[in-house]
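Q: sequence? don't have it. structure:
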């Protein structure tokens, strides 16, 4: 089928594009390269340099492409930044997505897979977090993702669009076959920061709090390999095609690893000292976050294959170390 991947030159987007190509779909990447990289583009996929805020160009692309579906990965994603610059997140995430959905509706593209976030849940009321957990985001980034989900729900009722929203926590790792080398720009997540420290790009890693109610005192998070995420996108697309139904599901490893556990694994695999220091807690950081992926297993048959910490670190180090 013909798939339009908006944001397909980015870190997650390039892995999603690779997975659709591996399944022999025809892919077109639409990206403004503000954070995506040309080195993340594949010769088998068409590339259109475009911006989701240029509605005429976006609409023309969708109308002339005969697309069976679109994958939306073009959103700003730093939770902390969203609390300082809500204007940026309002424009990129909400206004930009409205452009995408309106253009899709006008071009009669009836299937959308949206890369959402577990940030829609906010402070956990119980663990692991499932899809029935109250959605009360604690940062503006999470709010924008939840609003997009709500808008999609309305367009399903009013325009017949079927959608899949994928909620996940910390994407990490690199293509298990080593085909994607473009590194994240200005990363805000733990594993790429550890990799930059191991490479000497950063002097040390800051650990935000070591006095949490966890076995080693550091926060526990659910890390998911980006290749597992990519597979989740293609399986969600298949589900929508076969069942003509929308769905909202979590994707997660369901296990959780502490900051110190991640750091210890990275030191072992990279054979680098990776200096670290304890800093104060960050406001709003819960001690533990893990997701339930039971619904994803039930509905689309998805389960994490590559999200063990050794694979996450090994594939990251290969990319960062230039092997």
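A: Received the coordinates, thanks. All values reported here derive from a predicted model rather than from experimental measurement. Numbering: from 1, shown residues only.

Q: show me which residues of stretch 309-319 are buried.
A: Buried positions in stretch 309-319, judged by neighbour count with 16 or more other Cβ atoms under 10 Å: 309, 311-319. All C-beta atoms are positioned from the backbone trio N, CA, C, and that covers glycine.

Q: out of these, who's nearest residue 147?
A: The shortest approach to residue 147 among the buried residues of stretch 309-319 belongs to residue 312, at 30.3 Å (Cβ to Cβ).

Q: can you give me phi and psi for that closest one?
A: phi -60, psi -50 (degrees, to the nearest 10).

Q: 6 is where my numbering starts, stick with that
A: Understood, numbering begins at 6; the last thing we discussed is residue 317.

Q: if we can go back for a sec, and the furthest pair within the buried residues of stretch 314-324?
A: Across the buried residues of stretch 314-324, no pair lies farther apart than 314 and 324, at 16.0 Å, counting by Cβ to Cβ.

Q: who does whichever strand or helix holds residue 253 touch, helix- and strand-wise?
A: Using DSSP states H and E, residue 253 maps to strand 252-255. Applying 3 or more Cβ pairs under 8 Å, 6 or more residues apart in numbering; DSSP states H and E, one finds that strand 252-255 contacts strand 167-172, helix 231-248, helix 299-305.

Q: right, and the ones you listed - which one's nearest residue 153?
A: Residue 153 sits nearest to strand 167-172 of all the helices and strands packed on strand 252-255, at 8.0 Å, using Cβ to Cβ.

Q: ok, the helix or strand just after that closest one: who's next to it in the sheet?
A: Moving toward the C-terminus from strand 167-172, the first helix or strand encountered (DSSP H and E) is strand 175-177. Applying DSSP bridges, strand 175-177 is found paired with strand 228-230 (parallel).

Q: how far out from the middle of the chain is the partner strand?
A: 10 Å (Cα atoms, centre = their mean, to the nearest Å).

Q: equivalent analysis for stretch 209-219, please.
A: Its chain's C-alpha centre lies 24 Å from the corresponding centre of stretch 209-219 when counted by Cα atoms, centre = their mean.

Q: pLDDT averaged over that stretch - what is it?
A: Across stretch 209-219, pLDDT averages out at 95.

Q: ok, now stretch 26-35?
A: Stretch 26-35 shows a mean pLDDT of 98 in the predicted model.

Q: next, the distance between the ends of it.
A: Its first and final residues considered, stretch 26-35 spans 15 Å by Cα to Cα, to the nearest Å.

Q: kindly report the same for stretch 131-148.
A: Start and end residues of stretch 131-148 are separated by 20 Å (Cα to Cα).

Q: stretch 47-54 too?
A: End-to-end for stretch 47-54, by Cα to Cα: 14 Å.

Q: what's it in contact with?
A: 10, 13-14, 19, 22-23, 26, 31-38, 46, 66 (Cβ atoms under 8 Å, 6 or more residues apart in numbering).

Q: of those, which belong to strands?
A: Within those, residues falling in strands by DSSP state E are 10, 31-36.

Q: wait, which of those residues is closest to residue 133?
A: When the ones in strands among the contacts of stretch 47-54 are compared against residue 133 (criterion: Cβ to Cβ), the nearest one is residue 10, at 29.6 Å.

Q: list the contacts for the closest one?
A: Contacts were defined as Cβ under 8 Å, 6+ apart; by that measure residue 10 touches 18, 21-22, 25, 32-35, 50, 75-76, 78.

Q: so which of those residues comes closest to residue 231?
A: When those are compared for distance to residue 231 (Cβ to Cβ), residue 21 comes out closest, at 8.7 Å.

Q: circling back to that earlier point, among the buried residues of stretch 314-324, which lie within helices?
A: Those of the buried residues of stretch 314-324 mapping onto helices are 314, 316-324, per DSSP state H.

Q: for the residues you listed, give me a markdown table that also has pLDDT and distance to residue 152.
A: As requested, these are arranged in a markdown table below (pLDDT from 0 to 100; distance: Cβ to Cβ, whole Å):
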| residue | pLDDT | distance to residue 152 |
| --- | --- | --- |
| 314 | 98 | 33 |
| 316 | 98 | 34 |
| 317 | 98 | 30 |
| 318 | 98 | 34 |
| 319 | 98 | 37 |
| 320 | 98 | 33 |
| 321 | 97 | 32 |
| 322 | 97 | 37 |
| 323 | 96 | 37 |
| 324 | 96 | 33 |
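
Q: out of these, who's nearest residue 129?
A: Nearest to residue 129 among these, with distances taken as Cβ to Cβ, is residue 314, at 21.1 Å.

Q: and that closest one, what does it touch?
A: Counting by Cβ under 8 Å, 6+ apart, residue 314 touches 228, 262, 266-267, 270.
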